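K.L.:
Below are the sequence and a predicted model; questions follow.
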Amino acid sequence: METISAHQSVKEQYNILKKDGMSNTFDRAIAQGKRCSFCEQGISCQLCSNGPCRIKPSAERGVCGIDADGMAMRNFMFLNTMGTATYTFHAKTVAKTLKATALGKTPFQIKDEAKLLALAEKFGIKTDKSTKELAIAVADAMMAGINADSDDELSNVLAFAPKQRIEVWRKLGILPGGPLNEVMDAVSSTMTNMDGDYVSLAKKALRLGISCIYGSQIPLEMGQDILFGTPQPHAVNVDLGIIDPAYVNVVANGHEPFIGAALIKTAHEAANQEKAKKAGAKGLRIIGSIETGQELVQRYNIDDVFVGLTGNWLSIEPALATGGIDVFAMDMNCSPPDLGSYQEKYNTSIVSVSKLVNVPGMKDQIIYKPDQAAAQAQKLIDMGIENFKKRKGKATNPSSRKQNAIVGFSAEACISALGGTLEPLLDVIKKGTLKGVVALVSCSTLRDGGQDVNTLKIARELIKRDILVISAGCGNAALQVGGLTTLEAKAEAGPGLKAVCELLKIPPVLSFGTCTDTGRIALLVTAIAEALNVDTKDLPVAVTAPTYMEQKATIDGVFAVAFGLYTHVAPLPPVAGAPRLVKLLTQDIEGLTGGKFAVETDMVEAAKGIEAHIMKKRAALGLPA
């Protein structure tokens, strides 16, 4: 089994890291060895001074009295609160940036006025206003939704969710309020001696998932479309070969596009290009990394200044090992804590651009402020040029690996590719040319194998079964670097999907965006359900997270189950020591929401399970096999 990476570029750079004696994620994963079985199963607790407690045959309850199911669900709830809080931080930053832009205080502009109007209408805002007034009103409405009381039904859910889902959620008592207050309720519930009932905690997790998507994700995605444009299909370059050490290279890393977008704008200024050349470089380039890079490549065409995306978070250390990165600018999320040690060895400057992110030994922290974005981008570029002067002439380890990809398949772009209507997609599904659609929304982990090995494997298994894949998150980068988001990848698809690819001139895997695009995918699924006049649970649609890793992924998965979707996950979540909870999440919940978790670490078997589910849904709709 491949233990390092599915990507040759990463394996080559890993060999350099090994040769240089650098601590790296791949070696650290191996060094951890066998994990604690209690922690793996979710049946250990360190919340109070009576602990740590473990559930075992001789101690079936913790000191407080909580049982295995309550303990595991409470631990799982913690993960979900972190994911929701982080998405909500992002949404709040979008709202603040949109308002500051409307007031003329940022280097950004309103790029998609149609989206602004559409969002205003969803929020119930009168649209007989100027663009400036409307943007301010929308930003204020976003903040109001984030802060809405958890005792009230969140208006965003009522505006965006399918009517049949709303009734299901209301009946179950999981129709939520705003994400900030739902997080407060959830965290308070997980305190010692508060809520020890696994069913009650599971319902609160479902509330949290729904609130996260409709209160944070969908508004932030639409807000970013308003500011930076709604993604449309176009070609980009990905992989570590986009890093050319002969240029001043500033990397935008993280999950938010703000500093990255400001860098692209500022780097295009002739004066900055000239400064880079005077320093001895060929020019100045901006490079995207992980989800910030994904946000940027989905919206910006590549050129000789913005050159594309390196890969997902497991590609960060290998990218730094090229020795060709001058500034590595880290916004919120996914910056490994040991990057500071790479600065001297690989002649780079590690800089935080978020108040949330700190790495020991980093060179600087420039906390993003919307009204200071232009000056902050300039400072980062100046730092990059000064860094280049110091590293000029020193040894580098450039990669020759570069892969083309087609990206930008937003919901609007998908419908546009279909001729402005969902009918062509519905038609090929009804006929059986396409069996169904799977959303691959995933991280990248080394838990069950090398970087992206399982992501690529399940995607290949699905497309050869005539199942269209929509990709988002770090898994999206996996499929981009792995070559499955190209027109040529149709050769790996089954005959039905291949015919659809040829007809519509699309890849068999549609590159949709980041993990925050879970909400955007929900809107597309909603549109399909409404077009067929069925509930989301009845669609030949599923979700896979074949290499989920962190807390954003868990709340996305919980939402998918609440949304009524079969949701495959791997590795095994930390709940195996709680049999009643496992039964609830993988069996019983299907009778409540229509969705369920399916845990499978063998990707062939996982694909078979997804296909069987899709065929069951087709049969129930009276569609041919």
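P.N.:
That came through, no problem.

K.L.:
only C-alpha atoms for contact and neighbour calcs from this point on.
P.N.:
Noted.

K.L.:
Can you report how many residues lie near the nearest residue to residue 52 once chain neighbours are set aside?
P.N.:
Excluding the flanking residues, the one nearest residue 52 by C-alpha to C-alpha, 6 or more residues apart in numbering is residue 46, at 4.5 Å. For residue 46, the neighbour count with other C-alpha atoms under 10 Å is 11.

K.L.:
Same check on residue 170?
P.N.:
That count, for residue 170 with other C-alpha under 10 Å as the rule, works out to 12.

K.L.:
Mind giving me the packing neighbours of the one helix or strand residue 91 maps to?
P.N.:
Per DSSP states H and E, residue 91 falls inside helix 68-102. Helices and strands touching helix 68-102, by 3 or more C-alpha pairs under 8 Å, 6 or more residues apart in numbering; DSSP states H and E, are strand 44-45, helix 131-146, helix 179-189, helix 198-211, helix 218-228, helix 551-562, helix 579-583.

K.L.:
Quick check: residue 330 touching residue 356?
P.N.:
No. At 9.8 Å, residue 330 and residue 356 do not qualify as touching, with contact defined as C-alpha atoms under 8 Å.

K.L.:
More neighbours: which of those two?
P.N.:
Set residue 330 next to residue 356 and count neighbours by other C-alpha under 10 Å: residue 330 wins out with 30 against 13.

K.L.:
Distance-wise, check that one relative to residue 221.
P.N.:
20 Å (C-alpha to C-alpha, to the nearest Å).

K.L.:
what do you get for residue 391?
P.N.:
Residue 391 is 38 Å from residue 221, by C-alpha to C-alpha.

K.L.:
quick one, which of those two is more surrounded?
P.N.:
The neighbour count for residue 391 versus residue 221, taken as other C-alpha under 10 Å, is higher for residue 221 (22 against 19).

K.L.:
which SS class is residue 125?
P.N.:
Following DSSP: H, G, I helix; E, B strand; the rest coil, residue 125 is assigned to coil.

K.L.:
What residues does it make contact with?
P.N.:
137, 138 (C-alpha atoms under 8 Å, 6 or more residues apart in numbering).

K.L.:
Check residue 433 too.
P.N.:
With C-alpha under 8 Å, 6+ apart, residue 433 has these contacts: 466, 496, 497, 500.

K.L.:
got the phi/psi numbers for the last one?
P.N.:
Dihedral angles of residue 500 (phi, psi; degrees, to the nearest 10) stand at phi -60, psi -40.

K.L.:
Do you know the pLDDT at it?
P.N.:
Here the pLDDT value assigned to residue 500 is 95.

K.L.:
so what are the domain limits for this structure?
P.N.:
The chain breaks down by automatic domain parsing into domains covering 240-391, 403-620.

K.L.:
for the record, mean pLDDT for the shortest one?
P.N.:
Spelled out, it's domain 240-391. On average, domain 240-391 scores 98.

K.L.:
Figure out how far it is from the centre of its chain.
P.N.:
Put simply, domain 240-391 sits 20 Å off its chain's centre (C-alpha atoms, centre = their mean, to the nearest Å).

K.L.:
Hmm, residue 94 is touching residue 222, no?
P.N.:
No. Applying C-alpha under 8 Å, one finds residue 94 not in contact with residue 222, separated by 9.5 Å.

K.L.:
Skipping adjacent residues, who's closest to the residue nearest the centre of the chain in space?
P.N.:
With distances taken as C-alpha atoms, centre = their mean, residue 515 lies nearest the centre of the chain, 1.5 Å away. Closest residue in space to residue 515, ignoring its immediate chain neighbours: residue 473 at 4.0 Å, by C-alpha to C-alpha, 6+ apart.

K.L.:
quick one: that neighbour and residue 22, what's the gap?
P.N.:
27 Å.

K.L.:
picking up where we left off before, surely the residue nearest to residue 515 touches residue 514?
P.N.:
Yes. Taking contacts as C-alpha under 8 Å, residue 473 lies within contact range of residue 514: 4.0 Å.

K.L.:
what residues do the two have in common as contacts?
P.N.:
In contact with both residue 473 and residue 514: residue 291, using C-alpha under 8 Å, 6+ apart.

K.L.:
residues in contact with residue 495?
P.N.:
464, 466.

K.L.:
burial measure for residue 282, as a count.
P.N.:
16.

K.L.:
For it, which residues are in contact?
P.N.:
With C-alpha under 8 Å, 6+ apart, residue 282 has these contacts: 246, 247, 248, 276.

K.L.:
Is the closest residue to residue 471 other than its chain neighbours in a helix, a strand, or coil?
P.N.:
For residue 471, ignoring the flanking residues on the chain, the nearest one in space by C-alpha to C-alpha, 6+ apart is residue 440 at 4.7 Å. Here residue 440 takes the strand state, with states given by three-state DSSP.

K.L.:
so residue 440 touches residue 474, yeah?
P.N.:
No. Using C-alpha under 8 Å as the test, residue 440 is too far from residue 474 to be in contact (9.9 Å).

K.L.:
next SSE after the worst-scoring helix or strand of the chain on mean pLDDT?
P.N.:
Across the helices and strands of the chain, mean pLDDT, DSSP states H and E gives its lowest value to helix 411-417, namely a mean of 86. Using DSSP H and E, the helix or strand that follows helix 411-417 in sequence is helix 423-431.

K.L.:
Would you mind listing the outside residues contacting that following helix?
P.N.:
By C-alpha under 8 Å, 6+ apart, helix 423-431 touches 418, 434, 435, 436, 500, 528, 623, 624.

K.L.:
Kindly reformat those residues as CSV containing distance to residue 163, secondary structure and neighbour count.
P.N.:
Below are these laid out as CSV (distance: C-alpha to C-alpha, whole Å; DSSP: H, G, I helix; E, B strand; the rest coil; neighbours: other C-alpha atoms under 10 Å):
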residue, distance to residue 163, secondary structure, neighbour count
418, 25, coil, 15
434, 27, coil, 25
435, 26, coil, 25
436, 23, strand, 29
500, 31, helix, 22
528, 13, helix, 19
623, 24, coil, 16
624, 27, coil, 13
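
K.L.:
So what's the residue count around residue 88?
P.N.:
26.

K.L.:
meant to ask about residue 19
P.N.:
Neighbour tally, residue 19, other C-alpha under 10 Å: 9.

K.L.:
Now do it against residue 13, distance only.
P.N.:
Applying C-alpha to C-alpha to residue 19 and residue 13 gives a distance of 10 Å.

K.L.:
repeat for residue 552
P.N.:
Distance from residue 552 to residue 13, by C-alpha to C-alpha: 28 Å.

K.L.:
ok so, going back, most neighbours among the contacts of residue 282, please name it.
P.N.:
Busiest of the contacts of residue 282 [other C-alpha under 10 Å] is residue 248, holding 33 neighbours.
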